[in-house]
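Asker: here are the coordinates; sequence isn't available:
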């Protein structure tokens, strides 16, 4: 009985070795799930080209205008499936504290488009010192500030940026807050 137990254990070990050899022969041809997903994304055209990957680390080519000089009709109409529209929050990379500092990502509220179809947006800031400044409009907290801090929109300057330089993540500005903002832009900056 003692020797019989050793024989059966030896047989189990032999079976295990054969299974291991079989696995080694078969499994190298099976791609890992990570490789499989990468291949699928590549075939679907979902991987970034070298240019767009580079672009995400560069400062967006923005123009800043006085808000009154870009007055236009203001209509809330975000559409996540199409191009960015008024009422959507987008992010862009801008210079911070001088040319030698790395760019930072900032949120803007899209309020319209320029004549050449670039986005027009108002800068969002969580800096509490804007609470008492006349050119900043309180918007509270939302998807634009993940820490939940209250934020403000800069009213006197509008940012113009090509749409392909912004990052979208489906963040919408609440319609009631947008209408409050629209009233201020109409009263102070002659928007319609």
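Answerer: Cool, got the structure. Everything numeric here is computed off the predicted structure, so don't read it as measured data.

Asker: can you list contacts of stretch 71-89?
Answerer: 90, 107-112, 119-120, 124, 142-144, 163, 166, 168, 170-173, 175, 178-179, 182, 185-186, 189-192 (Cβ atoms under 8 Å, 6 or more residues apart in numbering). The way it works is simple: take the backbone N, C-alpha and C, and place the C-beta from them, glycine included.

Asker: Now list the buried members of those.
Answerer: Neighbour-count burial (16 or more other Cβ atoms under 10 Å) is assigned, among the contacts of stretch 71-89, to 90, 107-112, 119-120, 124, 142, 144, 166, 171-173, 178, 182, 185, 189, 191.

Asker: Tell me the pLDDT of residue 66.
Answerer: Residue 66 is assigned a pLDDT of 97 by the prediction.

Asker: hang on, it packs against residue 159?
Answerer: No. In this structure, residue 66 is not within contact of residue 159 by Cβ atoms under 8 Å, at 11.8 Å.

Asker: Neighbour count: these two, which is higher?
Answerer: Legend: neighbour count by other Cβ atoms under 10 Å for residue 66 and residue 159, higher for residue 159 (24 against 11).

Asker: List the buried residues of the host helix or strand of the more buried one.
Answerer: Element membership for residue 159 (DSSP states H and E) is strand 157-161. By neighbour count on 16+ other Cβ under 10 Å, the buried set for strand 157-161 is 158, 159, 160, 161.

Asker: ok, so of those, who is nearest residue 61?
Answerer: Nearest to residue 61 among the buried residues of strand 157-161: residue 161, at 7.2 Å, using Cβ to Cβ.
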